[in-house]
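[1] Following is a predicted model, sequence given first.
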Amino acid sequence: MPAILTADGVGKSYGSGSARMPIIDGLTLSIAKGEFVSLVGPSGCGKTTLLMCLSGLLAPSDGAVSFKGQVVDQPPIGLSVVFQDYSRSLLPWKTNLDNVLFGMRRVQGMDARAKRARAEEILAAVGLTGFGGHYPWQVSGGMQQRVAIARGIASQSELLLLDEPLAAVDAQTRADMQDLLLDVAQRFKQTCVLVTHDVEEAVYMANRVLVLGPRPTRVVREVVVDLPMPRDQLTTREAPGFLHARHEVLALIRGMRQGQKLS
Amino acid sequence: MKPTTRIALLGLSVPAAILILWQIAALLQPTPLFPGPGKVVLAIWKNYPVILHELGITLLRAGAGFAVASLTMIPLGIFLGRFRSLGKVLEPLMDMLATLPPPAIIPLVMLFAGTGDWAKVVIIAYAAAVPLLMNTYEASHSIHPMLSRVARSLHLSRLETMRLIDLPSSLPMIATGARLAIASSLLVSVTSEMLLSTNGIGTYLQRSQETFKIDAGLAGIAFISLAGVLVNAGVFRLEKKWLFWHYRDQRPTE
């Protein structure tokens, strides 16, 4: 499978001179088309900064990010971002359907009616049939995040960058949303990069987990999760492969935390 | 009786009591310089075509000035909020203009632009511009950075971001600015007519005073208050209609 997104020696630091604070240093990764990759790391390692660099929202200080072979300097068409803060990322003066349609402004070769049908189809796929006419503030947090995911997919997306999308929803909704995300990613052929601090979630969702080191961060280990799709909340989480991967990732992160405490 | 009804009735009883006391005082003091409410009602009946005509001229000028200010200052405020460094450069100037009372520039503008309708519209537009610009700029430059990220990740151009994201998210604060600007427009419209004009309700009030027609003057004031109440009610309805998403299920605060 060809790489859809690559980062080559990416570095990012804020400030300059003695106040210079490096966040990312020499980070290299490659995401293949159709993969679901999780990025996990210790708290404060710069996961969100990395995702901003990968999406083109933030220019890296060193190295380069490429999407489908093109260097990324602006968010490219075909790449969409789902933010953690769904309540701020949706437009409260637009209905859920109009929010999804808003993501389709740059979609070409579709008339208004076709766009509407497509938006309704995607809303139905995220389980929001009948909620298109509601406003985001009239539905629950989990539903708002599903609208944001639908908007991302609707913008002719091939790659979804998910910045802790489920961190703000309650535990039960969270499990359902994990399965829903896996389902729509497959149905709409989305390559996914999920940034999360939840190791269980990282392993459950992904084909591959990239473990990030402490700040200034880089990829320190790749853990392949050799489990079949679709995943299942009960059996997957009990499978030896899941437990091994989880153990490996958790042990790594715990080691980093202890290393930080000692230093 | 419900407590809210009782409070409402009490609230009405205060102006009613004032009217009664005023009428009694006027009957005790029979002079045309101190007309009672009865005489004022009579004056309203006698003069309302003239008053409405003059008030119409005043409101038209106020409306034109407000419209000019809205059409220029709202886009400018949004623009300065998006191009932050330019906004920062102009901030001290805006602060200085904000503290200058608008009627202070009336004589100066009249010197250069004359005393015609357009000079008055310019002064009114200036008066309305300050609260509109300040509020629009403040709202647009304090928009949450998340919305800018959303705009960029949805591949919106800067112009589209200003039109489709910054403007709607700034509307609640723009509405507050618009209320202040409307009050300011009416104030300056009437004041400028009192200083130098041949028509408008300000001139009417001035002439009534100069010719000792106190009852006619009070009739004019009654119409100005009524116009103020009606304009406010209209703004309130528009806010409820356009900003429902901001107020959601609570009522907009007056």
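    On my side now, so go ahead. Numbers count the residues shown, from 1 in each chain, chains lettered A, B, ... in the order given.
[2] Test my guess that B:Ile182 contacts B:Val235.
    Yes. Contact criterion Cβ atoms under 8 Å: B:Ile182 and B:Val235 qualify, at 6.6 Å. C-beta coordinates here come from the backbone N, C-alpha and C atoms, glycine included.
[3] Compare the two and say which one has the larger neighbour count.
    Taking other Cβ atoms under 10 Å in any protein chain shown, B:Ile182 and B:Val235 do not tie; B:Ile182 has more neighbours (21 against 15).
[4] Please list all residues in contact with the more buried one.
    B:62, B:66, B:128, B:231-232, B:235 (Cβ atoms under 8 Å, 6 or more residues apart in numbering or on different chains).
[5] Could you export those residues as JSON lines, including secondary structure, distance to chain A and pLDDT?
    Formatted as JSON lines, the contacts of B:Ile182 follow (DSSP: H, G, I helix; E, B strand; the rest coil; distance: Cβ to the nearest Cβ, whole Å; pLDDT from 0 to 100):
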{"residue": "B:Ala62", "secondary structure": "helix", "distance to chain A": "29", "pLDDT": "95"}
{"residue": "B:Phe66", "secondary structure": "helix", "distance to chain A": "24", "pLDDT": "96"}
{"residue": "B:Ala128", "secondary structure": "helix", "distance to chain A": "25", "pLDDT": "94"}
{"residue": "B:Val231", "secondary structure": "helix", "distance to chain A": "25", "pLDDT": "93"}
{"residue": "B:Asn232", "secondary structure": "helix", "distance to chain A": "24", "pLDDT": "90"}
{"residue": "B:Val235", "secondary structure": "helix", "distance to chain A": "19", "pLDDT": "92"}
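[6] where does the residue nearest the centre of chain A fall, phi/psi-wise?
    For chain A, A:Leu162 is the residue whose C-alpha lies nearest the centre (Cα atoms, centre = their mean; 1.8 Å). Torsion angles at A:Leu162 (phi, psi; degrees, to the nearest 10) stand at phi -110, psi 110.
[7] cool, and the one 3 residues further on?
    For A:Pro165, the backbone dihedrals are phi -70, psi -20 (criterion: degrees, to the nearest 10).
[8] residues in contact with it?
    A:82-84, A:86, A:145, A:148-149, A:177, A:181, A:194.
[9] Next one: it, what pLDDT does it get?
    A:Pro165 is assigned 89 on the pLDDT scale.
[10] Also A:Met1?
    66.
[11] tally of neighbours for A:Pro228?
    10.
[12] For it, give its distance to A:Val184.
    18 Å (Cβ to Cβ, to the nearest Å).
[13] before we move on, what about A:Ala251?
    32 Å.
[14] what does B:Ala104 give?
    On the measure of Cβ to Cβ, B:Ala104 and A:Val184 end up 62 Å apart.
[15] what does B:Ala139 give?
    Counting by Cβ to Cβ, the gap from B:Ala139 to A:Val184 is 36 Å.
[16] With A:Val10 instead?
    Remark: distance between A:Val10 and A:Val184 (Cβ to Cβ) = 28 Å.
[17] wait, is A:Val211 part of a helix?
    No. Using DSSP: H, G, I helix; E, B strand; the rest coil, the assignment for A:Val211 is strand, not a helix.
[18] Give me the more crowded residue out of A:Ala251 and A:Val184.
    Neighbour totals were compared for A:Ala251 and A:Val184, and A:Val184 leads with 21 against 10 (other Cβ under 10 Å).
[19] ok now the helix or strand that contains the more buried one, how far from the chain's centre?
    Using DSSP states H and E, A:Val184 maps to helix A:171-187. Put simply, helix A:171-187 sits 13 Å off its chain's centre (Cα atoms, centre = their mean, to the nearest Å).
[20] and what of stretch B:28-40?
    Distance, centroid of stretch B:28-40 to centroid of chain: 31 Å (Cα atoms, centre = their mean).
[21] Contacts only, for residue 141.
    In the absence of a named chain, chain A is used. A:86-87, A:168-170, A:173.
[22] nope, chain B please
    Counting by Cβ under 8 Å, 6+ apart, B:His141 touches B:80-81, B:84, B:87.
[23] Can you report phi and psi for it?
    Dihedral angles (degrees, to the nearest 10) for B:His141: phi -90, psi -10.
[24] Over to A:Ala167?
    The phi/psi pair for A:Ala167 (degrees, to the nearest 10) is phi -70, psi -30.
[25] What's the local residue count around it?
    Applying other Cβ under 10 Å, I find that A:Ala167 has 15 neighbouring residues.
[26] How about it: what's its closest non-neighbour residue?
    A:Gln84 (5.3 Å; Cβ to Cβ, 6 or more residues apart in numbering or on different chains).
[27] Which pLDDT value belongs to that neighbour?
    88.
[28] what does B:Glu254 give?
    37.
[29] what residues are up against the residue located most distally from the centre of chain B?
    Most distant from the centre of chain B: B:Ser153, at 39.4 Å, with distances by Cα atoms, centre = their mean. Residues counted as contacts of B:Ser153 (Cβ under 8 Å, 6+ apart) are A:55, A:57, A:75, A:80-81.
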